[in-house]
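Student: here is a sequence together with a model predicted from it:
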Amino acid sequence: TIHYLEQHPEAKVSILDWDVHYGQGVAKIIRQHDRARYVSIHQSPAFPYMANRKRIMGDHANVLTLPIPAESTWTCGYHTVLKDDALPFLRTTGEWEPDLVIVCAGYDALSADELASVNLNAKDYGAIVEALMDHLDDGQSATSITLGLEGGYQLKHAPTTGNLADAVVETLESLHRRLGPPPDQ
């Protein structure tokens with residue numbers, strides 16, 4: 001993010017962190033930059049035991065913490081928090097229109113992941129990407145998006161909910177449906 005902002009002096013960046021843990025390191029860096037926003041949807045309580053209430057903070061009111069309770073699912077809590085809180089913070093027409101959205105794509109909110117207690121299925125990650133792309137697509141501006149794998153440890157076969165590989169595939173298939181195949185090189 002910082003490198004992008006340095007290379008593009010007029011640009012704005014939004015960061016969506018869907019990892020099950022709050023990204024206090026990212027938040028600490030971003031809170032000082034008026035051309036960047038960071039929103040974290042994370043389980044609370046969970047390590048690092050910070051950001052345990054919904055609030056906006058930072059030097060430029062540019063960090064939003066969205067804790068969700070353990071056992072949250074796509075239909076019971078997660079989708080509503082994404083749609084009503086996270087996405088409007090990432091982009092609001094006329095107020096905050098980022099040139100780039102970076103996703104801290106942690107897959108440890110999978111129901112099959114034993115290190116946390118959020119209950120998303122692999123297909124829910126495709127739905128998150130669809131919701132994000134729908135929100136960014138206003139027909140007038142072109143917002144770039146990039147995803148970085150940052151967490152998720154469930155590699156065992158999980159036929160009913162999906163594992164890390166299944167969730168990454170759902171994410172990429174959702175992007176492919178929206179953006180089409182990559183251009184020829």
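Tutor: Received the coordinates, thanks. Numbers count the residues shown, from 1 in each chain.
Student: going forward, measure contacts and count neighbours with C-alpha atoms only.
Tutor: Noted.
Student: hang on, residue 116 packs against residue 108?
Tutor: Yes: when contacts are counted by Cα atoms under 8 Å, residue 116 is listed as touching residue 108 (6.6 Å).
Student: between the two, which one's more packed in?
Tutor: More crowded of residue 116 and residue 108, by other Cα atoms under 10 Å: residue 108, with 26 against 21.
Student: now for that one: which residues touch it?
Tutor: 19, 20, 115, 116, 151, 152, 153, 154 (Cα atoms under 8 Å, 6 or more residues apart in numbering).
Student: wait, a strand at it?
Tutor: No: under the criterion used here (DSSP: H, G, I helix; E, B strand; the rest coil), residue 108 is coil, not part of a strand.
Student: residues shared between the contacts of residue 116 and residue 108?
Tutor: residue 20.
Student: who wins on neighbours among the contacts of residue 108?
Tutor: Going by other Cα under 10 Å, residue 20 tops the contacts of residue 108 with 28 neighbours.
Student: pretty sure it is in a strand, no?
Tutor: No: with three-state DSSP as the criterion, residue 20 is located in coil rather than a strand.
Student: and the strands in this protein, which stretches?
Tutor: Applying DSSP state E to the chain gives strands spanning 13-17, 36-43, 55-57, 63-68, 100-106, 144-151.
Student: the worst-scoring helix or strand of the chain on mean pLDDT to strand 13-17, inter-axis angle?
Tutor: Every helix and strand of the chain was ranked by mean pLDDT, DSSP states H and E. The lowest is strand 144-151, at a mean of 88. Angle between the axes of strand 144-151 and strand 13-17 is 30 degrees (criterion: axes from the mean of the first three to the mean of the last three Cα atoms, to 10 degrees).
Student: packing partners of strand 144-151?
Tutor: The contact analysis (3 or more Cα pairs under 8 Å, 6 or more residues apart in numbering; DSSP states H and E) places strand 144-151 against strand 100-106.
Student: tell me the one of the contacts of residue 108 nearest residue 32?
Tutor: For the contacts of residue 108, the residue nearest residue 32 by Cα to Cα is residue 19; the value is 21.8 Å.
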